[in-house]
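Participant: Next one to model:
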Amino acid sequence: QEEERAIRDAVSETRQVAADQILIRSGQPLTSSLMLLDGWIARGKDLAGGERQVTELHVAGDFADLHGYTLKRLDHDLVTLSECTIAVVPHNHLEAITERYPRLARIYWFSTNVDAAITRELALSLGQRSAISRMAHLFCELHVRLSEVGRSHPDGFEFPLTQRELSECLGLTVVHANRTIQELRRRGLVILENRTLTILDRSGLEGVAQFDPSYLCLDRLPY
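Facilitator: Next up, the predicted model:
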């Protein structure tokens with residue numbers, strides 16, 4: 001209870017942010033970090049021509065830029081994909097928490113390590129998995145992560161991303177992403193419509209993805 005109170009007291013304000021807003025720009029000096037209370041956020045890096053690669057998706061409960069506490073700036077943008085509720089935690093408050101509550105410091109370190117594992121898994125998808133396998137893998141990962149925070153149901157979850165945003169996650173063209181969605185549907189694995197992903201055959205989807213959730217460290221060690 002004391003640790004929870006410390007975390008709640010560290011929040012200086014909460015904000016409601018519309019979809020498609022840049023929360024943090026690459027290189028921007030930072031004095032606070034953002035905890036996502038509701039909604040979806042993407043980390044993204046852009047090329048000069050406007051092409052974007054999403055490097056991670058964040059869902060409710062994630063510290064979307066905890067890295068900024070030590071780096072004091074990010075090398076990528078943070079963008080809202082849906083309407084979001086954001087908690088702002090000043091870095092001096094985070095410093096006080098890590099000094100007074102070493103266990104929380106280890107937990108936040110653990111969190112950034114899981115972020116890195118998610119990014120490595122995406123790199124594997126982009127480099128080695130087929131289009132259908134990488135899309136299936138992303139859907140499996142999101143279902144597990146959303147289940148952990150009570151934001152899914154057994155057969156799927158709300159999925160606010162546009163096809164362009166999905167294509168930016170997977171390194172595909174919009175046309176290729178659309179064809180891949182249709183192929184997953186043709187195989188009886190998922191249906192994506194009305195911003196809802198319905199999983200028709202979870203074991204089949206995991207098979208196509210070769211999904212192993214161990215990188216998410218759900219069997220976390222006690223601190």
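
Participant: Backbone torsions only: list them for T196.
Facilitator: phi -130, psi 130 (degrees, to the nearest 10).

Participant: Neighbours of it, how many?
Facilitator: Other residues lying near T196 total 14 when counted by other C-beta atoms under 10 Å. The way it works is simple: take the backbone N, C-alpha and C, and place the C-beta from them, glycine included.

Participant: where's it relative to D65, distance?
Facilitator: Separation of T196 from D65 (C-beta to C-beta, to the nearest Å) stands at 28 Å.

Participant: any low-confidence regions in this protein?
Facilitator: Segments of the chain classed as low confidence (criterion: pLDDT under 70) are 221-223.

Participant: Could you check how far the longest helix along it is from the centre of its chain?
Facilitator: When the chain is scanned for its longest helix (criterion: DSSP state H), the result is helix 102-128. Helix 102-128 sits 11 Å away from the centroid of its parent chain (C-alpha atoms, centre = their mean, to the nearest Å).

Participant: Could you point out the helix or strand that follows it?
Facilitator: Past helix 102-128, heading to the C-terminal end, the next element that is a helix or strand (DSSP states H and E) is helix 131-148.

Participant: still on that earlier bit, name the helices or strands packed onto the longest helix of the chain?
Facilitator: Helix 102-128 sits against helix 2-10, strand 52-58, helix 91-100, helix 131-148, helix 163-170, with contacts defined as 3 or more C-beta pairs under 8 Å, 6 or more residues apart in numbering; DSSP states H and E.

Participant: repeat that with 10 Å
Facilitator: Judged by 3 or more C-beta pairs under 10 Å, 6 or more residues apart in numbering; DSSP states H and E, the packing partners of helix 102-128 are helix 2-10, strand 52-58, helix 67-71, helix 91-100, helix 131-148, helix 163-170.

Participant: which residue of the protein sits farthest from its center?
Facilitator: Each residue of the chain has a distance to the centre, and by C-alpha atoms, centre = their mean the biggest one is for R100: 28.4 Å.

Participant: That's all I had, so thanks and see you.
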